[in-house]
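Student: Make a model of this:
(one chain, ligands or ions: 2)
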Amino acid sequence: MERNWWQEAVIYQIYPRSFRDSNGDGIGDLPGIIEKLDYLRELGVDVIWLNPIYSSPNDDGGYDISDYQAINPAFGSMADWEALLEGLHQRGMKLVMDLVVNHTSDEHPWFVASRSSRTNPQRDFYIWRPAPNNWRSLFAGPAWAHDDATGEYYLHLFSRKMPELNWANPDVRRAIYDMMHWWLRKGIDGFRMDVINLLVKPEGLPDAPDPTDRNVFFNQPGIHELLQEMNREVLSKYDIFTVGEIPAVTPATARPYVSADRHELNMLFQFEHFETIDRDGWDLPTFKRLQRKWYEGLAGAWNSQFIGNHDGPRAVSRLGDDGEHRVSAAKLLGTMNLTLPGTPYIYQGDEIGMTNVSYPSIDDYRDIQMVSRYREAVANGAEPEALLRSLQPTSRDNARTPFQWSAGPNAGFSSATPWLPVNPRFTAINLAADLASPDSVCRYYQRLTRLRRSTPALIYGDYRPYLEADPHLYVYERSLPGERVLVLLNLSGENHRVALPQGVGDQRRELLLANVAPPADGELELSPWEARIYRLCE
Ligand code: GLC
Ligand code: CA
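Tutor: Ligands and ions are numbered 1, 2, ... in the order given. Down below sits the predicted model:
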């Protein structure tokens, strides 16, 4: 595969509502991001992926868009957006925008027209049926909503305020392609494409044998032809990069989306490792097995690495230790994220080791996915207290709490009460504290991004795991001809000695980075949550 800038990039994901509020309304905004660009540059970020900032009634954190070509006034103006793009480009950074075209808001003018009558010319922009099938929404409840005005049902795989667009309609495709051209001509550097493997729905929308099986609607026949058309009509005309959010895939079904010779998308963003953890609990050998499976199965097609994003819990709480060993664990997870194969995404706040929250009441939560699941379960007789406790660890609000800039009021996020309560641990966990300490998580991330940038093996090198059955140690090598890098990680709260195999253990080692001061004698006994990166010398 030829080399591309987006393989070498460190991408930083910003959830704008929670990043930095510049004007004291409790909501993060674009000028707030501009204030922090130097911080991001210093962190070693090359690309920013912005979660949606378009006009939206905000039913689902802005993924319910009512105007693709306008900025949500809560985030600022188009002039603010232009200033952000310019500020990034001046600093040599790039901007990737979220493209959410599987659905719109029910307040989008297309849907307002579509629902107004059965004969409206835009009726067919969405998917209407006289009677629902048995599909379930990915959030909760049925996937169909009855609309009183015309007596039919429309399809929504997310909330009922998010009707599915009908991609079989050439007018829909044209309208979306025009909109994409419009943003690309403004000079953006790429798109992150929301649930992009959902666009094509199965012919005739038949009942599903198992309505909880996502294969009913993901990856349907025709999706690749559609993405090739989008590539031909739009993407191929610009020097940009695309990353597809592509859930519910195996390496074999994912590969066609991102194989260079097929001209669809550039990079894959898939979830199997996290879905497995959330379903079955954390288990290191399984995680290693999945990393290997994807590395080998993609056979050169390019993957993403991430330990957290806006749709799940905090990395250090989910995979690490957010108590006694929080600082080491957050650094270790960063090490893993930036040294495994694929382009790393850093989710805002993970670079200071932000943790999960547990708000006392369901009324404190804003995550529509969690709240709808809660309501559905309560309606079915669940005990509310126990239910709340069971939903808290995976709530998407864990990742959406305001960024903790300082120990000041509202964690330095805003001068007003934030839209979502600040995590109470902000007095100890915040950026100002991290910048003041050379041993902090953030200072470590700065070293990590620089090390990655100057070490081609960490980007393009082969991935070779060792000690695959070990339940505590994660040991792997990344190598190119002439450069071998060895990563040692102890994902546990106890000391563990690493027994390196022949051909590795007998090489001379030069320490490149470690998250705690390693023993002077070079012993391979790792303390709790210790991470080391060595260069292997001949
Ligand atoms: C994606 C987004 C998520 C959103 C959903 C519907 O999975 O990441 O936040 O709720 O799509 O747009
Ligand atoms: Ca604001």
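
Student: so which residue of the chain comes closest to ligand 1?
Tutor: Closest residue of the chain to ligand 1, CB to the nearest ligand atom: Tyr63 (3.4 Å). Any C-beta I mention is one placed from the backbone N, CA and C, and that applies to glycine too.

Student: Which parts of the stretch 101-250 of the chain are helices?
Tutor: Secondary structure of the stretch 101-250 of the chain (DSSP state H, counting those that start in this stretch): helices located at 109-116, 170-185, 223-233.

Student: per-residue confidence averaged over the longest one?
Tutor: Averaging pLDDT along helix 170-185 yields 98.

Student: Tell me which residues are up against it.
Tutor: 68-69, 97, 99, 101, 110, 122, 124-125, 165-167, 191, 226, 229-230, 233-235, 237-238, 240 (CB atoms under 8 Å, 6 or more residues apart in numbering).

Student: What of the first one?
Tutor: Contacts of helix 109-116 with the rest of the structure, by CB under 8 Å, 6+ apart, involve 66-67, 104-106, 120-126, 128, 147, 149-150, 154, 163, 175.

Student: what's the angle from that helix to helix 170-185?
Tutor: Counting by axes from the mean of the first three to the mean of the last three CA atoms, to 10 degrees, helix 109-116 points 160 degrees away from the direction of helix 170-185.

Student: Would you mark the buried spots in the helix or strand of the chain with the lowest mean pLDDT?
Tutor: Every helix and strand of the chain was ranked by mean pLDDT, DSSP states H and E. The lowest is helix 272-280, at a mean of 90. Residues 272-274, 276-277 are the ones in helix 272-280 that count as buried (16 or more other CB atoms under 10 Å).

Student: do stretch 24-38 as well
Tutor: Neighbour counts over stretch 24-38 (16+ other CB under 10 Å) mark 26-34, 36-37 as buried.

Student: Please apply the same query to stretch 292-307.
Tutor: Those buried within stretch 292-307 under the rule 16+ other CB under 10 Å are 292, 294-295, 297-298, 301-307.

Student: And for stretch 137-153?
Tutor: Within stretch 137-153, judged by 16+ other CB under 10 Å, the buried ones are 137-145, 147, 150, 152-153.

Student: Closest one of those to Val378?
Tutor: Checking the buried residues of stretch 137-153 against Val378 with CB to CB, the nearest one is Ala140 at 11.1 Å.

Student: I'd assumed Ile368 was in contact with the closest one.
Tutor: No. Ala140 is beyond contact range of Ile368, at 9.3 Å (criterion: CB atoms under 8 Å).

Student: what sits against the residue of the stretch 401-538 of the chain found nearest ligand 2?
Tutor: For the stretch 401-538 of the chain and ligand 2, the shortest gap (CB to the ion) falls at Ser414, measuring 7.1 Å. By CB under 8 Å, 6+ apart, Ser414 lies in contact with 20-21, 24-28, 402.

Student: Most proximal residue of the stretch 51-200 of the chain with respect to ligand 2?
Tutor: Using CB to the ion, Ala74 is the residue of the stretch 51-200 of the chain that sits closest to ligand 2, at 6.6 Å.

Student: which residue sits closest to that residue, ignoring its sequence neighbours?
Tutor: Closest residue to Ala74 apart from its sequence neighbours, by CB to CB, 6 or more residues apart in numbering: Ile27 at 4.9 Å.

Student: Is that neighbour in a helix, a strand, or coil?
Tutor: Counting by DSSP: H, G, I helix; E, B strand; the rest coil, the backbone at Ile27 sits in coil.

Student: for it, what are its contacts?
Tutor: Contacts of Ile27 by CB under 8 Å, 6+ apart are 17, 21, 74-75, 414, 418-419.

Student: wait, does stretch 333-345 contact ligand 1?
Tutor: No. Judged by CB under 6 Å from any ligand atom, stretch 333-345 stays clear of ligand 1, getting no closer than 12.3 Å.

Student: Might you enumerate the residues of the stretch 1-150 of the chain proximal to ligand 1?
Tutor: Proximity of the stretch 1-150 of the chain to ligand 1 (CB under 6 Å from any ligand atom) is limited to residues 60-61, 63, 100.

Student: Okay, strands next: where are they in the stretch 201-350 of the chain?
Tutor: 241-245, 267-269, 302-306, 343-347 (DSSP state E, counting those that start in this stretch).

Student: Let me know which of those strands is the nearest to Leu43.
Tutor: Closest to Leu43 of those is strand 343-347 (CB to CB; 7.8 Å).

Student: Who are the packing partners of the next helix-or-strand element following that closest one?
Tutor: Proceeding N to C from strand 343-347, the next assigned helix or strand is helix 368-379, under DSSP states H and E. Under the contact criterion of 3 or more CB pairs under 8 Å, 6 or more residues apart in numbering; DSSP states H and E, helix 368-379 touches helix 384-391.
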